[in-house]
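>>> Mind looking at a prediction? Sequence and model below.
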Amino acid sequence: GAVVSQHPSWVICKSGTSVKIECRSLDFQATTMFWYRQFPKQSLMLMATSNEGSKATYEQGVEKDKFLINHASLTLSTLTVTSAHPEDSSFYICSARPISGQETQYFGPGTRLLVL
Amino acid sequence: LAKTTQPISMDSYEGQEVNITCSHNNIATNDYITWYQQFPSQGPRFIIQGYKTKVTNEVASLFIPADRKSSTLSLPRVSLSDTAVYYCLVGDPIRGTPLVFGKGTRLSVIA
């Protein structure tokens, strides 16, 4: 139980294009999902908190117009990197908090983005 | 800012017990302590969670003293496959506050 998936697992795109990453909770419903970014040899950095049916809350320094987050259902959140540039190349990881609220967060496998 | 402090790295031989201690001096009353394991190019994997005293599951034990200002993750008889980064986090699972990651502890298991 408590499985979170991400799609795609890796993506290569040209500079200036937009990339959408999906995060799904497969066997539970999640009121809240979180998006993190991780650069090589570094820890995970929280980007934003996504609540179903409402606007995401972004961490300081994260551009909301560049990283569009949509949380349309209790099992799906999407992160769109708009007009991607090479400096956006990173490992993007989502996590989901079960609706029960009694448990911890479960993380997806991550999506490797490479912008050329 | 991360709410926890851990050793940057640790080395251990196969078959030994490994104890990783985490400091969380400003832990709030409603915060739980959660440990995750991360392999390269993978998302963090939940190991164990606790609030106080001792918690044990099939892979690890978590020891939390009465003041809850620190905790210790104990991995019995580690193997090479336990080489990973281990993160200690504190947060309120009821409120669903985001988990803020510190630098973690890089455990290297040597044959």
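Yep, it's here.
>>> ok, the lowest-mean-pLDDT helix or strand in chain A: who's next to it in the sheet?
Lowest by mean pLDDT, DSSP states H and E among the helices and strands of chain A is strand A:67-73, with a mean of 91. Here strand A:67-73 has these sheet partners by DSSP bridges: strand A:76-81 (antiparallel).
>>> tell me which residues of the strand it pairs with are tucked away?
A:76-79, A:81 (16 or more other CB atoms under 10 Å in any protein chain shown). Bear in mind the C-beta positions are built from the backbone N, C-alpha and C, glycine included.
>>> Quick one: these as TSV, columns for distance to A:Glu103 too.
Shown next, in TSV, are those (distance: CB to CB, whole Å):
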residue	distance to A:Glu103
A:Leu76	19
A:Ser77	18
A:Thr78	23
A:Leu79	23
A:Val81	29
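>>> Provide the secondary structure category for whichever residue of chain B sits closest to chain A.
Residue nearest to chain A within chain B: B:Gly43 (3.8 Å; CB to the nearest CB). Under DSSP: H, G, I helix; E, B strand; the rest coil, B:Gly43 falls in the coil class.
>>> Enumerate every residue touching it.
A:4, A:6, A:93, A:95, A:107-110 (CB atoms under 8 Å, 6 or more residues apart in numbering or on different chains).
>>> if I pick A:Tyr92, what's in contact with it?
Here A:Tyr92 is in contact with A:6, A:21, A:35-38, A:79, A:81, A:110-111, A:113 (CB under 8 Å, 6+ apart).
>>> among these, which are in strands?
A:6, A:21, A:35-38, A:79, A:81, A:111, A:113 (DSSP state E).
>>> ok, back up a step: what's in contact with the least confident helix or strand of chain A?
For strand A:67-73, using CB under 8 Å, 6+ apart, the contacting residues are A:33, A:35, A:47-48, A:50-54, A:56, A:58, A:77-82.
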